[in-house]
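**Student:** one predicted model, sequence on top.
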Amino acid sequence: MARALRLDPDRLFPADPTTRSIARTLYAGVADLPIALATDAFRPRALFDRFRIDFLATTEGAQDSLDAHHAIHASGWGGRVVTTYRPDGVIDVEHEAFVPAMARFAELTGEDVYGWQGYLAAHRKRRTHFRAAGATATDHGHPTAATANLTPQECEALFARIVGGDWTPADAELFRAQMLTEMAAMSIEDGMVMQIHPGSFRNHNAGLFASHGRDKGADIPTRTDYVRALKPLLDRFGTSTDLSIILFTLDESAYARELAPLAGHYPCLKLGPSWWFHDSPEGMRRFREMTTETAGFYNTVGFNDDTRAFLSIPARHDVARRVDCAFLARLVAEHRIADWEAADLAQELTAGLVRRAYRIDQSTAAARGPKE
Amino acid sequence: MARALRLDPDRLFPADPTTRSIARTLYAGVADLPIALATDAFRPRALFDRFRIDFLATTEGAQDSLDAHHAIHASGWGGRVVTTYRPDGVIDVEHEAFVPAMARFAELTGEDVYGWQGYLAAHRKRRTHFRAAGATATDHGHPTAATANLTPQECEALFARIVGGDWTPADAELFRAQMLTEMAAMSIEDGMVMQIHPGSFRNHNAGLFASHGRDKGADIPTRTDYVRALKPLLDRFGTSTDLSIILFTLDESAYARELAPLAGHYPCLKLGPSWWFHDSPEGMRRFREMTTETAGFYNTVGFNDDTRAFLSIPARHDVARRVDCAFLARLVAEHRIADWEAADLAQELTAGLVRRAYRIDQSTAAARGPKE
Amino acid sequence: MARALRLDPDRLFPADPTTRSIARTLYAGVADLPIALATDAFRPRALFDRFRIDFLATTEGAQDSLDAHHAIHASGWGGRVVTTYRPDGVIDVEHEAFVPAMARFAELTGEDVYGWQGYLAAHRKRRTHFRAAGATATDHGHPTAATANLTPQECEALFARIVGGDWTPADAELFRAQMLTEMAAMSIEDGMVMQIHPGSFRNHNAGLFASHGRDKGADIPTRTDYVRALKPLLDRFGTSTDLSIILFTLDESAYARELAPLAGHYPCLKLGPSWWFHDSPEGMRRFREMTTETAGFYNTVGFNDDTRAFLSIPARHDVARRVDCAFLARLVAEHRIADWEAADLAQELTAGLVRRAYRIDQSTAAARGPKE
């Protein structure tokens, strides 16, 4: 049942006469035509079903409300859309919105977030809240993979400098590092899977940042060390069987050198798929070629895209499946695995691994029924 | 029309009786034979035509005369051979010939090159002179990609230390870094395309350097950072549409991680082809595989070899064309592009991109007529 | 002639009742069956013959006796099993067994190993002893590839700090670095081939190290610089034609960037095969693809596996040969080499290069007769 798109320039751009004028020209002749995007079949929930999405996770900050998730759940719709705990905003003191984020964090939790114990308690409260809304994972996008393992006294002193505004860039990095270890400790308590994706130099374009603010596309990957960076956290929790950490990278040179050996050794580590700039046919192929022989397939987690473009989801998963199957096919053609192994692995790389790695069955967002 | 080679040992090795004696034995019987290299068909300009070279650029230093180029132009020959402005000799204070190069720079320009403003004015004069001789590009071979964006006062103070001989290695590096930014500013004024090719550890072999001097083949690539290194320059000029910088690397790990994302983001950046040690079938293939998905083809500049061996030019371009076409053919075979797109791209990678990237049509060296 | 395996739990696990009890269950029914592993055909020397092993080298420490090797030689068996001089234990002061190793080093050599000259003399004595037992090579597994070229006075002072227990981590690294250069000097004297394989972060797993000690599998590769690291050694001996150094890496990004150019330039450098984590089909393929165009085949040394699993030797060499032949076949299919060149190279990569690189013909362990 087609509806007209309401492309009304006066309504869409009330404050911008230039754009309004351009839009009037552009929309002339199409504004009232019935077009696909305006039909019920192209509404978000219809697409969610048509894409056969089993589980969709957003990320929200520690300081964000989960009202949108609650609204989805309250609507009675059966699609599984859950949140993910992404606390960067109250961990990265170098973020320009750290101060208001902390204020909101205090407000939402009722804890004294400006004291070390209260701050940790606030994280625990919010994690519980996120878990209740279906979350099974946390997400950490730090500049580096640095972790730390400070004494309680050192933590108190560091935190005092952070919230007192009396910190150096080294303090900021050390606090982020220590908080990865604290988050790991809480993950052992509550079973949330940790995702660490370091190595992006954010907001590289100074002019763009000045005019439009952060997160406008000017993020450039940098070399990333994992071996020394993760050691403090691994020294403390590396052999825990309750902890599960999924590592991502923008530095492909780390695949064979650092990440595959680390994931091959530590029971708590798994490798996330090729990410962001490397989320492409050649990039996905290199990921398999450079990690499989040391880490195997079962230390990887299938393909979980991190797109912001809802409409791109089917194509992205389709590419991942084709590239993985092409890799498996080569192994079969070279007699390195049997055809039935490839068939089993294709299923695992597509569905099995990601469901288990993200503990989807533990989500409070119940499935709507049997899935394929 | 064949001529005899004049392989006269007495004339070729007047000061070296041993070599003369060896040469007499070697040349006996061949010295007077007509051989291909001695025929008119193998003279440089005949080969230039036979190779169908459209545009050949040398590099000259800021302190070098362009007499050879003027002689070519004055000869009435129509081949387009132009110079390129390579000012390293008067920028790299760690080069052992910096002092005489500066003296010659002063002499050629009539400027007070030992004062900061005079030094910049001298660069401008020489760039104008190079442009008049057909140059469309500058060339910068620094140890790293470091750039800087100092205040005028800091520049004055730094330059005083450089020309006063009172500099540290850190000063030398900072001065090279600042000069890349100054060169970018001048490129915006005069339209010269900048080429930056960092990352070679020059003259690695101490014994060879002691006995034979620099540039004898002992140059070894090193890890190279671009993301932090280029930021000061990009902070100032990154979004300029008048500036064009072509980046080269000897560190292939930077292709997918740093260079393709940078070129994909900044309008002023393009990627030069696989360079030097990587100017080979496998190296060229890796370049396309690791840059195309993020930077695309149109942020690259085709293949401009940098050989010193005139006779190798056709073979080198032939290899580049075959490797690029093999890459395109794979994309077609995998249904990632259409056959007609590959055909268009083959033409662009071979001729279109390089002509536009190097602004060849803006060269004062006029073309001789229609080319293929 | 089959024999019964003697799987007697009481004898195998005298101190561990739990394991003994499990073993009793497991072995019930098989302990007295004749099985392949218990037959003469599966005894080590029979397998050595069946595997057609031409030359097998172990490594022993400078502080180790060579009694096992002497016993093999004294047995009259003709298999060539030799030792390799691996002095890390008396060079790495950060190793927890450095002090007892030095004591044993003193005892075995009768030298004053706590004085710099005596220490060097002790190395020379042991190297001579190792050579007499058939060794043709030394082996150095340092955290980095750092080398140094200190004055004799600096060496004396550094060594005094090392043996006096008054050293810093920087001293420990500098001493390892200087010792690589000292070992190179001795190799020029006695003809031993040096193997340097840096870049492993040893004993990464703190819990495992605490409970089970070192070398339990928790070794993770790290980024490794060769260009600056090797320069002090190469400044002193790089152009020596008497010295032969075989370089290994765990950092594949160094193949095309650093190692191939270094090996292509310096006569004393060769590249060892893909190592450890990269000793696999994809890893071996990348090694050839990333080193061949710059270093060629003849600056590599064939495949010498470093397995601790005797039974894996044939399969490992078989994989290496298949991967090398697949690479050669591609070069033939792409008309980059001729078929007869591939045939010659296959032979060289399998046998010729490794025999010459390791100077096997100079071993005092005489061959038993004509080999294939």
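**Tutor:** That came through fine.
**Student:** check what pLDDT the residue nearest the centre of chain A gets.
**Tutor:** In chain A, the centroid-proximal residue (C-alpha atoms, centre = their mean) is A:Asp139; its distance is 5.2 Å. Here the pLDDT value assigned to A:Asp139 is 98.
**Student:** go on, A:Gly272?
**Tutor:** With respect to pLDDT, A:Gly272 scores 98.
**Student:** ok, now A:Ala23?
**Tutor:** You'll see A:Ala23 listed with a pLDDT of 75.
**Student:** do the same with A:Gly213
**Tutor:** Confidence score, pLDDT, at A:Gly213: 88.
**Student:** distance of it from A:His95?
**Tutor:** 12 Å (C-beta to C-beta, to the nearest Å). (C-beta placed from N, C-alpha, C; glycine too.)
**Student:** which residues touch the residue of the stretch 1-150 of chain A found nearest chain C?
**Tutor:** Nearest to chain C, among the residues of the stretch 1-150 of chain A, is A:Asn149, at 9.8 Å (C-beta to the nearest C-beta). A:Asn149 sits next to A:178, A:181, A:232-233, A:235-236 when contact means C-beta atoms under 8 Å, 6 or more residues apart in numbering or on different chains.
**Student:** how does it look with 7 Å?
**Tutor:** A:181, A:232-233, A:235-236 (C-beta atoms under 7 Å, 6 or more residues apart in numbering or on different chains).
**Student:** farthest-separated two in those residues?
**Tutor:** Maximum pairwise distance in these, criterion C-beta to C-beta, is 9.4 Å, between A:Thr181 and A:Asp235.
**Student:** secondary structure element for A:Ala68?
**Tutor:** Applying DSSP states H and E as the criterion places A:Ala68 in helix A:67-74.
**Student:** let's test this: mean pLDDT of that helix, rounded?
**Tutor:** If you average the pLDDT over helix A:67-74, you get 95.
**Student:** about what we covered before: TSV please, covering the contacts of A:Asn149 and showing pLDDT.
**Tutor:** Shown next, in TSV, are the contacts of A:Asn149 (pLDDT from 0 to 100):
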residue	pLDDT
A:Thr181	98
A:Pro232	97
A:Leu233	98
A:Asp235	96
A:Arg236	96
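**Student:** which pLDDT value goes with A:Leu120?
**Tutor:** At A:Leu120, pLDDT is 98.
**Student:** just give me the neighbour total for it.
**Tutor:** 18 (other C-beta atoms under 10 Å in any protein chain shown).
**Student:** residue contacts, the closest residue to A:Glu111 other than its chain neighbours?
**Tutor:** Using C-beta to C-beta, 6 or more residues apart in numbering or on different chains and skipping residues adjacent in sequence, the residue nearest A:Glu111 is A:Ala122, 3.9 Å away. For A:Ala122, the contact set (C-beta under 7 Å, 6+ apart) comprises A:105, A:109, A:111, A:113.
**Student:** want to throw those into a markdown table with secondary structure?
**Tutor:** Putting the contacts of A:Ala122 into a markdown table (DSSP: H, G, I helix; E, B strand; the rest coil) gives the following:
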| residue | secondary structure |
| --- | --- |
| A:Phe105 | helix |
| A:Thr109 | helix |
| A:Glu111 | coil |
| A:Val113 | coil |
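**Student:** give the burial count for the residue of the stretch 1-150 of chain A found nearest chain B, as a bare number.
**Tutor:** Of all residues in the stretch 1-150 of chain A, A:Pro143 sits closest to chain B, with a separation of 11.5 Å (C-beta to the nearest C-beta). Look at A:Pro143: counted by other C-beta under 10 Å, it has 17 neighbours.
**Student:** which residues touch it?
**Tutor:** A:Pro198.
**Student:** for it, give its distance to A:His204.
**Tutor:** Distance, A:Pro143 to A:His204, by C-beta to C-beta: 12 Å.
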